[in-house]
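S.K.: fold the following.
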Amino acid sequence: MFTILIVIIVLAFAFDLINGFHDAANSIATVVSTKVLRPFPAVLWAAFFNFLAYWIFDLKVANTVASTVNGSVISLQVILAGIIAAIIWNLLTWYLGIPSSSSHTLIGGFAGAAVAHTGSFAVINQAVILKTIGFIFLAPIIGMFIAYVISVIILWTCRKANPHHANKWFRRLQLVSSGAFSLGHGGSDSQKVIGIISAAMMVYIANLNAKGIAIPEWAHVSETIDAMGKQHLHVPAWIPISCYTAISLGTMMGGWRIVKTMGTKITKVTPVEGVAAETAGAITLFAVSQGLGVPVSTTHTIAGSIMGVGMTKRLSAVHWGVANNLLIAWVLTIPVSMIIAALVYLGITAMGI
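M.R.: Numbers count the residues shown, from 1 in each chain. Reported below is the predicted structural model:
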């Protein structure tokens, strides 16, 4: 069991690394496409704010992910299959240049492996899944609306400003807005892996308790329930620090295939529009992931925000065909990840792992 736990932890960090370069486009696409920063400085900037989130965000999203399925039926094999499936889908969509959600593929993989393990969909925490599915559609709409409103306010406020001076200031402001979005990205996305590792650790702890073996200091993971009935996850510092480090390193590697899709194919973005889109995305991430604890997709959020700024020019400025293809990929992510995870789980059990 200890060996499987170590494999899960290593693969979880690998997923976080892949998540970083897969989702780097979310943080830097606009700031690169507007030529405010060159690609390498842009990923360094995003990676810095990804890691900074460790000291700012609590573990609401991690707790949600850890409770995706009924804890009484979770096994290390279930978690292992879920992570492998999530890695497969992330690499496939990265290769194809499709900005899918790492949040949703991990949750889908976790749920699919659990269903294969028990043979029943009842094992899935319906509240978590329904909220997550709901925000597949709500996150881009919220981001789109906020970005549209911010864009209109900026355009009205700066209507008499010198275009050259305004553009110069917004190029500087875009550094702030992209940093804020990267902060939200790190705070939201790193926690998914924290939740998965924590779930694996709790299975391991339960096994040690059953055998009467003392729990080592590094493995102390627990959940408490407050007076309002809400669960709170408590983990040793090495878990979040490692996860935030992994996603930051992944961001530095960059996902250039997806940068092209996010930064140029949805709509042409200027520094003014980049500020509006990134600010709207940051507001959405902070509100949904930290306010509600929902593992919202940074991909969906920034894509919707970019569409919102495009709509201020005219509806035809948004390439709705590209947007439609993105929506199809978003809808497919959870069910396809579930299927992949179920097949991986069956393969793992067939090999006697």
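S.K.: and the residue lying farthest from the centre of the chain, helix, strand or coil?
M.R.: Relative to the C-alpha centroid of the chain, counting by Cα atoms, centre = their mean, residue 160 is the outermost residue, at 39.1 Å. Secondary structure assignment for residue 160 (DSSP: H, G, I helix; E, B strand; the rest coil): coil.
S.K.: distance of it from residue 166?
M.R.: Residue 160 sits 10 Å away from residue 166 when distances are taken as Cβ to Cβ, to the nearest Å. Every C-beta, even on glycine, is put in place using the N, C-alpha and C of the backbone.
S.K.: which parts of stretch 275-295 are buried?
M.R.: Neighbour counts over stretch 275-295 (16 or more other Cβ atoms under 10 Å) mark 275-286, 288-290, 293-295 as buried.
S.K.: got it, and stretch 224-240?
M.R.: 233, 235, 239, 240.
S.K.: same thing with stretch 129-144?
M.R.: Buried, per 16+ other Cβ under 10 Å, within stretch 129-144: 129, 131, 132, 135, 136, 138, 139, 140, 142, 143, 144.
S.K.: ok, the third one touching residue 107?
M.R.: Yep, that's residue 132 we're talking about. Yes: using Cβ atoms under 8 Å, residue 132 makes contact with residue 107 at a distance of 5.7 Å.
S.K.: list residues touching both of those two?
M.R.: Common neighbours of residue 132 and residue 107 (criterion: Cβ atoms under 8 Å, 6 or more residues apart in numbering): 295, 334.
S.K.: and the contacts of stretch 116-128?
M.R.: Contacts for stretch 116-128 (Cβ under 8 Å, 6+ apart): 64, 67-70, 73, 75, 77-78, 81, 107, 111, 114-115, 341-342, 345-346.
S.K.: buried subset of the residues you listed as a PyMOL selection?
M.R.: What follows is the PyMOL syntax selecting those of those that are buried according to 16+ other Cβ under 10 Å:
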select buried, resi 64+67+68+69+75+77+78+81+107+111+114+115+341+342+345
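S.K.: can you tell me how far the residue nearest to the spatial centre of the chain is from residue 348?
M.R.: Centrality entry for the chain: nearest residue to the mean C-alpha point is residue 189, 3.7 Å, by Cα atoms, centre = their mean. Using Cβ to Cβ, we find residue 189 at a distance of 26 Å from residue 348.
S.K.: do residue 108 as well
M.R.: Here residue 108 is placed at a distance of 17 Å from residue 348 (Cβ to Cβ).
S.K.: more neighbours, these two?
M.R.: residue 108 (29 against 19; other Cβ atoms under 10 Å).
S.K.: skipping its backbone neighbours, what lies nearest the more buried one in space?
M.R.: residue 337 (3.1 Å; Cβ to Cβ, 6 or more residues apart in numbering).
S.K.: could you measure from the one you found over to residue 82?
M.R.: Distance from residue 337 to residue 82, by Cβ to Cβ: 8 Å.
S.K.: of the two, who's got more company?
M.R.: Counted by other Cβ under 10 Å, residue 337 and residue 82 do not tie: residue 82 has more neighbours, with 35 against 28.
S.K.: pLDDT wise, what is residue 49 at?
M.R.: Residue 49 carries a pLDDT value of 91.
S.K.: where along the stretch 201-350 of the chain do the strands fall?
M.R.: Using DSSP state E, counting those that start in this stretch, the strands of the stretch 201-350 of the chain run over residues 222-225, 231-234.
S.K.: okay, now the sheet partners of the last one, with direction.
M.R.: Within its sheet, strand 231-234 is paired with strand 222-225 (antiparallel), according to DSSP bridges.
S.K.: now the strand it pairs with: average pLDDT?
M.R.: 80.
S.K.: if I pick residue 188, what's in contact with it?
M.R.: Counted by Cβ under 8 Å, 6+ apart, residue 188 has contacts 57, 61, 103, 285, 289, 295, 296, 298.
S.K.: wait, doesn't the fourth one sit right on residue 182?
M.R.: No: Residue 285 is not in contact with residue 182 according to Cβ under 8 Å; the separation is 10.0 Å.
S.K.: hmm, who's touching stretch 165-183?
M.R.: With Cβ under 8 Å, 6+ apart as the criterion, stretch 165-183 contacts 26-28, 30-31, 34, 36-37, 42, 45-50, 52-53, 56, 158, 251, 270-272, 274-275, 277-279, 281-282, 285, 298, 302.
S.K.: try stretch 235-245
M.R.: 12-13, 16, 50-51, 53-54, 59, 62, 186, 190-191, 193-194, 197-198, 201, 217-221.
S.K.: so where's the stretch 1-150 of the chain shaky on pLDDT?
M.R.: Applying pLDDT under 70 to the stretch 1-150 of the chain flags the ranges 23-27, 99.
S.K.: let me see the ranges of the helices in the stretch 101-250 of the chain.
M.R.: 102-118, 126-157, 163-210, 238-253 (DSSP state H, counting those that start in this stretch).
S.K.: deepest of the ones you listed, which one?
M.R.: helix 102-118 (a mean of 28; mean count of other Cβ atoms under 10 Å).
S.K.: cheers, nothing more for now.
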